[in-house]
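Engineer: Take a look and give me a structure for this.
(chains A and B)
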Amino acid sequence: MTTEKKHTLFVNGPIPAELIARQVSAHSVKTDIGAHDIFLGQVRADVSESGTVRAITYSAYEALASERYQDMREEAITRFGLRCAHVLHSLGEVKAGELCLFVFVSAPHREAAFEGCRWLVEQVKKDLPIWGKLIFGNNAHEWKQNTVSHG
Amino acid sequence: MKVRFFGRLAEITSVSVMEMETLKDTDTLLAGLNATFPGLVKNIFVICVNGRAVKGNVKLERDNEVALLPPFSGG
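Structural biologist: Predicted structure coming up:
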């Protein structure tokens, strides 16, 4: 049985912008990387009949999400020939305008970075047991429903 | 055995995890949950046993962890 390092998936609260800079700096030692692609998910103040979204509260089946993430990350690296990949997802409350998702992939060349990043973003939204509760200005709430990207 | 609830389901049950005596199978579990929380099983969810999604009626064993997972909405 291999005891491989488990990559962290969750962050409590919003993802701070400084974290992105730290991650970029940390990868500068890997000089076989020629391209990074970074996706940032931000909470949007959607307007509906229930009001305006002021925050999303995220919860997860943490053990299962973490396990699935390890496999998903390995698959992304193998499938696209990535040099590295990281996903961070918020738990708890993230206010409108704050970051809730960070996907960062690195590859020797840009095509793999673009494709790997997109693939990982879609897989995170499709396959990780994470739920968002939309919180409105009047504290009413609704469960978020994901849509499939056709872009 | 342990039963975990998430999302809308956890709101209906008011708890996120329940410890209970091991039941025979998942159909028995769902019937019991529906009796305690009418309408719970009308919601859409996937049943996971020890981290694996299952379909149909599945036998349960001691120390199983069952989870009822509504559609995911991360990201």
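
Engineer: for the closest residue to residue A:14 other than its chain neighbours, phi and psi?
Structural biologist: Distance criterion CB to CB, 6 or more residues apart in numbering or on different chains; nearest residue to residue A:14, sequence neighbours excluded, is residue A:98 at 3.6 Å. Any C-beta I mention is one placed from the backbone N, CA and C, and that applies to glycine too. Backbone torsions of residue A:98, given as degrees, to the nearest 10, read phi -100, psi 160.

Engineer: How about residue A:142?
Structural biologist: Taking degrees, to the nearest 10 as the convention, residue A:142 sits at phi -140, psi 150.

Engineer: quick one: which helix or strand includes the residue nearest to it when sequence neighbours are not counted?
Structural biologist: The shortest distance from residue A:142 to any non-neighbouring residue, by CB to CB, 6+ apart, is to residue A:134 (4.8 Å). Using DSSP states H and E, residue A:134 sits in strand A:130-136.

Engineer: List the neighbouring strands of that strand plus their orientation.
Structural biologist: strand A:51-60 (antiparallel), strand A:141-143 (antiparallel) (DSSP bridges).

Engineer: Turn those into JSON lines, including mean pLDDT.
Structural biologist: Below are these laid out as JSON lines (pLDDT from 0 to 100):
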{"stretch": "strand A:51-60", "mean pLDDT": "97"}
{"stretch": "strand A:141-143", "mean pLDDT": "95"}
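
Engineer: Could you show which parts of chain B are in contact with chain A?
Structural biologist: B:4, B:6-8, B:10, B:48, B:51, B:67, B:69-75 (CB under 8 Å from any CB of the partner chain).

Engineer: Which strands border the helix or strand where residue A:86 lies, and is each parallel or antiparallel?
Structural biologist: In the assignment (DSSP H and E), residue A:86 maps to strand A:84-95. Applying DSSP bridges, strand A:84-95 is found paired with strand A:10-12 (parallel), strand A:51-60 (antiparallel), strand A:99-107 (antiparallel).

Engineer: Buried residues of the helix or strand just after the first one, list them for me.
Structural biologist: What it means is strand A:10-12. As assigned by DSSP H and E, the chain's next helix or strand after strand A:10-12 is helix A:17-26. For helix A:17-26, burial by neighbour count (16 or more other CB atoms under 10 Å in any protein chain shown) applies to A:20, A:23.
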